[in-house]
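Visitor: predicted model, plus sequence, below.
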Amino acid sequence: METTGSGSSTSSYRANERLARERSQFGGVKVGSAFFGWVTAMGITVLLTALITAFGAGVGLATDTDLGTATESVAGNPDATAWISAIVLVLVLLLAYFCGGYVAGRMARFNGMRQGMAVWLWAIIAAIAVAALTVLANVKFEALGQLNGIPQLPMDGAMSALGWIALAIAVIVPLLGAILGGQAGMHYHRRVDRNSENIYRAP
């Protein structure tokens with residue numbers, strides 16, 4: 001019994017040692033994996049936005065609500081509309097960037113938190129690039145602005161409190177979702193490694 005326990009302990013130690021060597025050699029932030037994670041996050045954002053828009057239109061048709069009635073209802077209760085929009089935005093960004101972080105973590109295998117942060121950094125870089133092109137070329141990127149997939153940086157220097165809250169949501173929520181997704185993608189590989197060790201130790 002002691003020999004078996006010692007052998008099991010030795011095998012576990014060797015597995016951890018091998019994993020540490022692999023991490024030191026292949027770990028670190030993988031820019032390519034983070035980029036494809038960001039592309040995934042953008043794609044999921046577009047898909048969810050389209051589904052939510054289609055669902056809203058379907059509800060309007062099913063309840064026989066015309067555009068004028070809906071507009072009057074929204075104007076009569078702007079606070080409720082703002083809260084609903086904020087909640088939907090949080091859920092969309094959280095899910096989309098969780099998927100993006102998961103893709104990056106699965107592709108990179110190690111350092112899931114860093115991979116998730118790198119996905120988020122790609123979103124910030126894209127937001128800065130769009131803002132810079134908007135200023136330099138005096139062009140409005142309406143398509144990107146409507147996706148809500150990247151933080152919308154203020155260009156005029158004046159924002160209301162609600163605008164700053166929306167910007168904070170667009171910055172913090174994707175970071176949280178990407179980190180959680182990156183960790184989930186990395187843990188998949190750790191689970192595979194543990195199962196592989198059990199298979200190899202089996203008689």
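Guide: Yes, it's here.
Visitor: after the lowest-mean-pLDDT helix or strand in the chain comes which helix or strand?
Guide: In the chain, the helix or strand scored least confidently by mean pLDDT, DSSP states H and E is helix 67-76, which has a mean of 47. Following helix 67-76 in sequence order, the next helix or strand is helix 78-108 (DSSP states H and E).
Visitor: now that next one: buried residues?
Guide: For helix 78-108, the neighbour count (16 or more other Cβ atoms under 10 Å) marks 89-90, 92-108 as buried. No exception for glycine: its C-beta is placed from N, CA and C like everyone else's.
Visitor: what do you get for stretch 36-47?
Guide: So stretch 36-47, judged by 16+ other Cβ under 10 Å, has buried residues F36, G37, W38, T40, A41, M42, I44, T45, V46.
Visitor: I figured the fourth one was touching G105, is that so?
Guide: No: with contact defined as Cβ atoms under 8 Å, T40 does not reach G105; the gap is 11.4 Å.
Visitor: which one of the buried residues of stretch 36-47 is nearest to A123?
Guide: The closest of the buried residues of stretch 36-47 to A123 turns out to be W38 (Cβ to Cβ; 5.9 Å).
Visitor: what inclination does the helix or strand that contains that closest one have with respect to helix 78-108?
Guide: Assigned by DSSP H and E, W38 falls within helix 31-62. Helix 31-62 and helix 78-108 are oriented at 140 degrees to each other (axes from the mean of the first three to the mean of the last three Cα atoms, to 10 degrees).
Visitor: nearest residue to G185 other than its sequence neighbours?
Guide: G105 (2.4 Å; Cβ to Cβ, 6 or more residues apart in numbering).
Visitor: residues contacting the one you found?
Guide: Contacts for G105 were tallied using Cβ atoms under 8 Å, 6 or more residues apart in numbering; they are G37, G112, Q115, G116, G181, G182, Q183, A184, G185, M186, Y188.
Visitor: any idea of the angle the helix or strand hosting the last one forms with helix 78-108?
Guide: It refers to Y188. Using DSSP H and E, Y188 maps to helix 161-201. Put simply, helix 161-201 runs at 30 degrees to helix 78-108, going by the same axes, to 10 degrees.
Visitor: in JSON lines: the buried residues of stretch 36-47, plus distance to W122.
Guide: Listed next are the buried residues of stretch 36-47 as JSON lines, based on distance: Cβ to Cβ, whole Å:
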{"residue": "F36", "distance to W122": "10"}
{"residue": "G37", "distance to W122": "8"}
{"residue": "W38", "distance to W122": "4"}
{"residue": "T40", "distance to W122": "11"}
{"residue": "A41", "distance to W122": "9"}
{"residue": "M42", "distance to W122": "9"}
{"residue": "I44", "distance to W122": "14"}
{"residue": "T45", "distance to W122": "13"}
{"residue": "V46", "distance to W122": "16"}
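Visitor: quick one: buried ones out of the contacts of G105?
Guide: G37, G112, Q115, G116, G181, G182, Q183, A184, G185, M186.
Visitor: need these in TSV with pLDDT and distance to V31, can you?
Guide: Shown next, in TSV, are the buried ones among the contacts of G105 (pLDDT from 0 to 100; distance: Cβ to Cβ, whole Å):
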residue	pLDDT	distance to V31
G37	95	11
G112	85	15
Q115	93	10
G116	93	14
G181	95	17
G182	93	14
Q183	92	19
A184	92	20
G185	90	16
M186	87	17
